[in-house]
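Peer 1: model this:
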Amino acid sequence: MSSNVVYAIVKAGGRQEKVAVGDVVVVDRLAAQAGSTIELTALLLVDGEKVTTDAKALAKVKVTAEVVRDEKGPKIDILKYKNKTGYRKRQGHRQKLTRLKVTGIS
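Peer 2: Below you'll find the model as predicted:
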């Protein structure tokens, strides 16, 4: 494995994602327009052999990403059914998502 690998674990949309420069990640919908730049909160930074987890040092780390587009996730069908009682309930859901492209880790 190369020693100059740089990646970060960031908090985005209530989940944690492993990102490197050039990666495209899909997170929960963010209030940002397509083409705008946002900054993500870093929880861990790996720069070659050096691993940073200290909160004070991570406060200085900037992970920037560009909003590519808003999209919807796959359709999820929810069906509740109880035998012999005539109870049926059908519901659907599509999660609103945002696609991000990581532009820099500094």
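
Peer 1: show me where pLDDT drops low in this structure?
Peer 2: 1-3 (pLDDT under 70).

Peer 1: Return the residue of it that is most distant from the centre.
Peer 2: Lys84 (43.4 Å; C-alpha atoms, centre = their mean).

Peer 1: Just give me the residue right at the centre of the protein.
Peer 2: The chain, centroid-nearest residue using C-alpha atoms, centre = their mean: Val27 at 3.6 Å.

Peer 1: A strand includes it, no?
Peer 2: Yes. Counting by DSSP: H, G, I helix; E, B strand; the rest coil, Val27 is located in a strand.

Peer 1: Now for Ile9, which secondary structure element holds it?
Peer 2: strand 6-12 (DSSP states H and E).

Peer 1: May I have the strands that pair with the helix or strand just after that strand, each with its orientation?
Peer 2: The element immediately downstream of strand 6-12 (helix or strand, assigned by DSSP H and E) is strand 15-19. Here strand 15-19 has these sheet partners by DSSP bridges: strand 6-12 (antiparallel).

Peer 1: neighbours around the residue lying closest to Leu30 once chain neighbours are set aside, how many?
Peer 2: Excluding the flanking residues, the one nearest Leu30 by C-beta to C-beta, 6 or more residues apart in numbering is Thr98, at 4.6 Å. In this view, the C-beta of every residue, glycine as well, is placed from N, C-alpha and C. Using other C-beta atoms under 10 Å, Thr98 has 22 other residues around it.
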